[in-house]
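Undergrad: please work out how this folds:
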Amino acid sequence: MPEQNRVQWVYSATNNQELAERYDQWAADYDKDLEDDFGWVAPQRCCEVFAKYVDKAAKILDAGAGTGLVGKILSGMGYSSLDAMDLSQGMLDESRKKNVYQGFHQMVMGESLGFSTDTYDAVITVGVLTVGHAPPSSLDELVRVTKPGGHIVFSLRPDVYLNDGFKEKQQQLEAGGKWKLVLESDPIQLLPKGEPEVMHQVWVYQAS
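TA: Residues are numbered from 1 along each chain as shown. Here you go, the predicted structure:
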């Protein structure tokens with residue numbers, strides 16, 4: 001199917017099992033489709049921000065790692081302690097081929113994650129907190145598994161932030177002393193070829 005249609009097909013999944021199955025089917029062509037048809041630059045942009053705050057020796061969780069595009073960039077920047085987590089086994093299988101991750105975990109954002117509290121020095125999640133995907137409650141677990149002082153970096157569309165409960169959740173976590181805001185970027189284009197009208201922001205918080 002045309003790639004714009006394939007994205008809509010994935011986004012229209014009605015539950016996590018269906019979403020995982022659709023990503024499983026897309027996994028082999030995912031990297032090429034995003035580059036050729038959308039000009040997806042979110043991994044690069046988010047990693048550039050991430051590198052400003054996170055030490056190269058940090059133990060990092062790539063939450064919603066997909067095929068490992070973020071991990072590949074971080075590895076190239078000198079980060080070597082990376083774990084991949086995704087709800088799709090097919091996507092994790094593709095990420096394994098990048099040879100940049102130490103651990104692979106099939107888990108669902110929004111559910112309890114099978115990691116001990118304060119496991120990671122930093123978490124990055126790119127293109128995951130979006131329509132029909134990981135809910136605002138995902139942030140609770142990302143904070144839990146991040147060590148105090150560690151950073152959580154994620155991309156988020158402004159409309160999703162305002163309309164889907166992320167604004168309230170992010171403010172709730174800050175008011176509760178769970179994290180503090182470090183950066184809210186200006187809106188930027190992360191899909192310049194496929195959806196040039198859709199803007200995103202990069203957020204950085206520091207866990208308390």
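Undergrad: list the contacts for the most centrally placed residue in the chain?
TA: Closest to where the C-alpha atoms of the chain average out (Cα atoms, centre = their mean) is Thr125, at 2.0 Å. Listed by Cβ atoms under 8 Å, 6 or more residues apart in numbering, the contact set of Thr125 reads Asp62, Ala63, Gly64, Met109, Ala134, Ser138, Leu142, Ile152, Val153, Phe154, Ser155. The C-beta positions use only the backbone N, C-alpha and C, and glycine is treated the same way.
Undergrad: can I get these in a markdown table including neighbour count, distance to Met85 and secondary structure?
TA: Formatted as a markdown table, those follow (neighbours: other Cβ atoms under 10 Å; distance: Cβ to Cβ, whole Å; DSSP: H, G, I helix; E, B strand; the rest coil):
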| residue | neighbour count | distance to Met85 | secondary structure |
| --- | --- | --- | --- |
| Asp62 | 28 | 7 | strand |
| Ala63 | 28 | 5 | strand |
| Gly64 | 26 | 7 | coil |
| Met109 | 22 | 8 | strand |
| Ala134 | 24 | 11 | coil |
| Ser138 | 23 | 11 | helix |
| Leu142 | 24 | 10 | helix |
| Ile152 | 26 | 14 | strand |
| Val153 | 25 | 15 | strand |
| Phe154 | 26 | 13 | strand |
| Ser155 | 23 | 16 | strand |
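Undergrad: least confident pick among those residues?
TA: Confidence by pLDDT is poorest for Ala134 among the contacts of Thr125, given 90.
Undergrad: give me the nearest residue to that one, chain neighbours excluded.
TA: Once its chain neighbours are removed from consideration, Ala134 has its nearest residue in Met109; the separation is 3.4 Å (Cβ to Cβ, 6 or more residues apart in numbering).
Undergrad: what about Ser116, neighbour count?
TA: 9 (other Cβ atoms under 10 Å).
Undergrad: which ones are touching the residue lying closest to it once chain neighbours are set aside?
TA: Computed as Cβ to Cβ, 6+ apart, the closest residue to Ser116 that is not its neighbour in sequence is Val145, at 7.5 Å. Contact criterion Cβ under 8 Å, 6+ apart gives Leu61, Leu113, Phe115, Ser116, Thr117, Asp118, Thr119, Tyr120, Val123 as the residues in contact with Val145.
Undergrad: hang on, the earlier thing: now render the contacts of Thr125 as JSON lines, adding distance to Ser80.
TA: Putting these into JSON lines (distance: Cβ to Cβ, whole Å) gives the following:
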{"residue": "Asp62", "distance to Ser80": "13"}
{"residue": "Ala63", "distance to Ser80": "18"}
{"residue": "Gly64", "distance to Ser80": "21"}
{"residue": "Met109", "distance to Ser80": "24"}
{"residue": "Ala134", "distance to Ser80": "26"}
{"residue": "Ser138", "distance to Ser80": "26"}
{"residue": "Leu142", "distance to Ser80": "21"}
{"residue": "Ile152", "distance to Ser80": "20"}
{"residue": "Val153", "distance to Ser80": "18"}
{"residue": "Phe154", "distance to Ser80": "22"}
{"residue": "Ser155", "distance to Ser80": "23"}
